[in-house]
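# pasting the sequence and the predicted coordinates here, then a few questions.
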Protein chains: 2
Amino acid sequence: MTSSFHPPRRTLMGPGPSDVNPRILEAMSRPTIGHLDPLFVGMMDEMKGLLQYAFQTKNELTIPVSAPGSAGMETCFVNLVEPGDTVIICQNGVFGGRMKENVERIGATAVMVQDAWGTAVDANKLEEALKANPQAKVVAFVHAETSTGASSDVKTLVDLAHQHDCLAIVDAVTSLAGTELRVDDWAIDAIYSGTQKCLSCTPGLSPVSFSERAIAAIKGRKSSVQSWFLDLNLVMGYWGAGSKRAYHHTAPINALYALHESLVILKQEGLENAWARHRLHHNALKAGLEALGLPFVVPQADRLPQLNAVTIPEGVDDAAVRGALLDDYNLEIGAGLGPMAGKVWRIGLMGYAANKSNVLLCLGALDDVLGRMQAPVQHGVAIAAAHAVYDRT
Amino acid sequence: MTSSFHPPRRTLMGPGPSDVNPRILEAMSRPTIGHLDPLFVGMMDEMKGLLQYAFQTKNELTIPVSAPGSAGMETCFVNLVEPGDTVIICQNGVFGGRMKENVERIGATAVMVQDAWGTAVDANKLEEALKANPQAKVVAFVHAETSTGASSDVKTLVDLAHQHDCLAIVDAVTSLAGTELRVDDWAIDAIYSGTQKCLSCTPGLSPVSFSERAIAAIKGRKSSVQSWFLDLNLVMGYWGAGSKRAYHHTAPINALYALHESLVILKQEGLENAWARHRLHHNALKAGLEALGLPFVVPQADRLPQLNAVTIPEGVDDAAVRGALLDDYNLEIGAGLGPMAGKVWRIGLMGYAANKSNVLLCLGALDDVLGRMQAPVQHGVAIAAAHAVYDRT
């Protein structure tokens, strides 16, 4: 008969899920209470404040969608886009393509602005597209492309969108809590993220935030939102002020305990300290990876600290290396996605996983496994390079 | 500064979430591993088999949707219904109304067949509607109405749908694992449930199952599914055979650990034993509630064992009683929904919560609290009535 599932203890340094802080796992296992229990409602109110801190926003509509990041993306699109609308999507990796799918399933038109994978979104190309498409209503792009590790300049892109009377939807799945992100200062209209990246929480929820301008657009829609589950007019009632709360769906209680705990941990550390920590360990990891002869995919200026995509050396078997890391070291790193499959590894340093032990484990394990695969590795240089970075700071 | 959230230990006897088995909470807190980890993929394959057992089906497409029951409902409708289609919905409570919302947001037409709240769906009315609407493509109804506690005759209703060349969508949110349900024997085409009812798992996932006929309809669609997140053509690739698994979204890993454990527990008990247990404790609770002068909303023949809706006595303050149960006994029972708000209580006996201790706690606490509210209660009669039932068995 099928028995209980007992997972091993892995070190998660892929593109997410990232290592979950044990405090979060413990919080998740606390007793389930009712989703309309006054104590749970109080926790939801606290959660809003904590998410506002993480997003650096005063937006009233700042909540976790009760489903993974993909559903957060869909929440933004189905609420802000109506059939017949034009949306300009800047694509520089896998997730811009998913945005296009979302827009087209609404019966709207997606105007694609393509940039090379591994580079940042080019603001000049967006500006040209905005001029060529004065009917556009929304601009959408990814802040931190999880498929390549490229970071784009959110403020500049949002400013351009606003100059052309467009709302800006930003994918912050991999950026939230890992790298600078300021929803209000950058005037982002709609943003979605995931819990399983730099928040180091379990996967399954999608924090979102909407500006007053976005809410006005939602309230002024001509058509109803095509998804009942993701309709913010209904979700707003559910996450509204305590006593007026309207039943919408049953919240994923224990997953919300976990997210609450992860946000408490973030607040205790301080957002800017968390950003700096990601940067520090990225610098050490980068020094080691380069010493191992693994070049970065993304130019230095646009590189995300939390998602390190490196090119697999000629003649090295992608799956064999990842398999050996998993089997011999319980260490997960990520494969390439889409056209980058087999060509790159994606090494995450997200949230709780961004620490010195993980950096040294990853470099030490790669040093061993690559050596076994006849890659020209001089044992120890990677670790030495990482220590040199730590010693400087 | 905001601190960790420590919920109290409640006894959950509302309409869900139900009491979660501590084994499930423990499973949920096991270390997170990657969603593409071979060990996780193996667990997903096991999960399919366990869900097939719970649903009593051989349907290949039997999976948990990565979001709550409402999203499971939406998955069924957006995949099986296209713009312009006609769907006959039998409504006998709140959730039939939600089905209507789903259908209309697809741009399809909902033909509503209304039955009184608290009664089962009337097969004769469905037959009339099928004759009057030969263009209908889908019939949808709720097996176990969570808002009233009424059970409907699934087999008869599905047979009628099939006689008129319609697919049948069944809401089994509250029935799965609590009361007889046989997906294959009853020839159900699409079914959705929730984890937080008689599976006694944490809320947040929606088990679904689709027949070959339903899959053929999905594959033969003229239009694309309007939701990217819920598109079964994509989800099927994700839950497909191990090696061919295509990345769709990041699975809610720890929530799936919990569901896996709850299904293992169900299999260990045996499905028919679980149904019988719900029936036993319902009989004891019923005897006690009637001794307290709380009449049932639903006629005996259509009554669900796991959701006991009783009428609040004249002059008794709904919120005051529920508040006292929560404050003095850490006991949650449910309020009425929609037009039944303030008029009924919904007392759940779902999954792990369906046990003798809970029945006695609930009756003993109501005995006290109703007595304090000047309801004409003779202390002890409820407990005696329950014991009489237990002694007979």
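Received it, and whenever you're ready, just let me know what you need. Numbering: from 1, shown residues only, chains lettered A, B, ... in the order given.
# and the next element down the chain from whatever helix or strand A:Ser70 lives in?
Here A:Ser70, judged by DSSP states H and E, is contained in helix A:69-80. Following helix A:69-80 in sequence order, the next helix or strand is strand A:86-91 (DSSP H and E).
# could you give the average pLDDT over the helix holding A:Ser70?
The average pLDDT for helix A:69-80 rounds to 98.
# neighbouring contacts of stretch A:297-305?
Residues from elsewhere that reach stretch A:297-305, judged by Cβ atoms under 8 Å, 6 or more residues apart in numbering or on different chains: A:118-120, A:144-145, A:148-152, A:174-175, A:178-179, A:278-279, A:281-283, A:296, A:309-311, A:340, A:344, A:349, A:354. C-beta coordinates here come from the backbone N, C-alpha and C atoms, glycine included.
# which strands and helices sit next to the one helix or strand in chain A whose mean pLDDT sits lowest?
Ranked by mean pLDDT, DSSP states H and E, the weakest helix or strand in chain A is helix A:232-238, scoring a mean of 87. Packing contacts for helix A:232-238, counted by 3 or more Cβ pairs under 8 Å, 6 or more residues apart in numbering or on different chains; DSSP states H and E, involve strand A:61-65, helix A:69-80, helix A:212-219.
# per-residue confidence for the closest residue to A:Gly338 other than its chain neighbours?
With Cβ to Cβ, 6 or more residues apart in numbering or on different chains as the criterion, A:Gly338 has its nearest non-adjacent residue at 5.1 Å, and that residue is A:Val94. For A:Val94, the pLDDT comes out at 94.
# any idea how many residues pack against A:Val94?
A:Val94 is flanked by 19 other residues according to other Cβ atoms under 10 Å in any protein chain shown.
# OK, contacts around it?
Here A:Val94 is in contact with A:Glu145, A:Thr146, A:Ser147, A:Leu337, A:Gly338 (criterion: Cβ under 8 Å, 6+ apart).
# same thing but at 7 Å, please
A:Ser147, A:Leu337, A:Gly338 (Cβ atoms under 7 Å, 6 or more residues apart in numbering or on different chains).
# and the residue of the stretch 251-393 of chain A that's closest to chain B?
As assessed by Cβ to the nearest Cβ, chain B sits closest to A:Pro252 within the stretch 251-393 of chain A, at 3.0 Å.
# dump the residue contacts of that residue.
Counting by Cβ under 7 Å, 6+ apart, A:Pro252 has contacts A:Ser66, A:Gly204, A:Leu205, B:Pro68, B:Thr202, B:Pro203, B:Gly204, B:Ala255.
# shouldn't A:Ala274 be in contact with A:Thr179?
No: the criterion here is Cβ atoms under 7 Å, and A:Ala274 misses it with A:Thr179 at 9.4 Å.
# count the neighbours of the residue nearest to A:Leu280 when sequence neighbours are not counted for me.
Once flanking residues are discounted, A:Leu280 sits nearest to A:Thr393: 6.1 Å by Cβ to Cβ, 6+ apart. A total of 9 residues lie near A:Thr393 under the criterion other Cβ under 10 Å.
# cool, A:Leu234 as well?
So A:Leu234, with other Cβ under 10 Å, has 18 neighbours.
# so what's it up against?
By Cβ under 7 Å, 6+ apart, the neighbours of A:Leu234 are A:His248.
# if we can go back for a sec, could you give the backbone dihedrals for the residue nearest to A:Gly338?
Reported as degrees, to the nearest 10, the phi and psi values for A:Val94 are phi -60, psi -40.
# picking up where we left off before, what angle separates the helix holding A:Ser70 from strand A:61-65?
On the basis of axes from the mean of the first three to the mean of the last three Cα atoms, to 10 degrees, helix A:69-80 is oriented at 140 degrees to strand A:61-65.
# and helix A:69-80, what does it pack onto?
strand A:61-65, helix A:94-105, strand A:167-171, strand A:190-192, strand A:206-210, helix A:212-219 (3 or more Cβ pairs under 7 Å, 6 or more residues apart in numbering or on different chains; DSSP states H and E).
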